[in-house]
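Asks: I'll drop the sequence and a predicted model, then ask my questions.
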Amino acid sequence: MDPVYTIENDLDPAEFVDVLRRSGLAERRPVDEPERIRAMVRNAPLVVCARDGRGTLIGVSRAVTDFAYCCYLSDLAVDRAWQGRGASGPSSSAAPTRPPAGPRW
């Protein structure tokens, strides 16, 4: 089953840490600092999540954007079990982030 992509600016920080750990990105993120993780999720203008058919978070991207022209991808974490299977999005890793980041001018 294909992942379902959603904008989740209210993502549970514990879920974020869990997918960071399952992706291998945790070693380069402050996963042992809950307040910082909470701020990272809460203050990101755009959080796009990929979930499997059971609703389990399998990928997340956090982006800084002006919602008009630019969008900088800060994190792209994909569960190792899903890496290489298209969980980061169709045709490019930024594809699920592109529409909510702003219209094409």
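Replies: Great, that's in hand.
Asks: Can you tell me how far A50 is from Y69?
Replies: Applying Cβ to Cβ, to the nearest Å, one obtains 25 Å for the distance of A50 from Y69. Heads up, the C-betas are built off the backbone N, CA and C, glycines and all.
Asks: Looking only at neighbour counts, state which of these two leads.
Replies: A50 (25 against 10; other Cβ atoms under 10 Å).
Asks: Thought L57 was touching the more buried one, still the case?
Replies: Yes - in this structure, A50 is within contact of L57 by Cβ atoms under 8 Å, at 7.5 Å.
Asks: Export stretch 32-47 to CSV, keeping only CA atoms.
Replies: Below are the C-alpha coordinates for stretch 32-47, written out as CSV (Å, rounded to 0.1, in the frame of the first residue of the first chain):
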residue,chain,number,x,y,z
ASP,A,32,17.4,13.4,24.1
GLU,A,33,16.3,17.1,24.5
PRO,A,34,12.4,16.9,24.6
GLU,A,35,11.9,20.7,24.9
ARG,A,36,14.1,21.3,21.9
ILE,A,37,12.3,18.6,19.9
ARG,A,38,9.0,20.0,20.8
ALA,A,39,10.1,23.5,19.6
MET,A,40,11.5,22.0,16.4
VAL,A,41,8.1,20.5,15.6
ARG,A,42,6.0,23.4,16.9
ASN,A,43,7.9,26.1,15.2
ALA,A,44,8.4,24.5,11.7
PRO,A,45,6.1,26.3,9.3
LEU,A,46,5.5,23.1,7.3
VAL,A,47,5.5,19.5,8.6
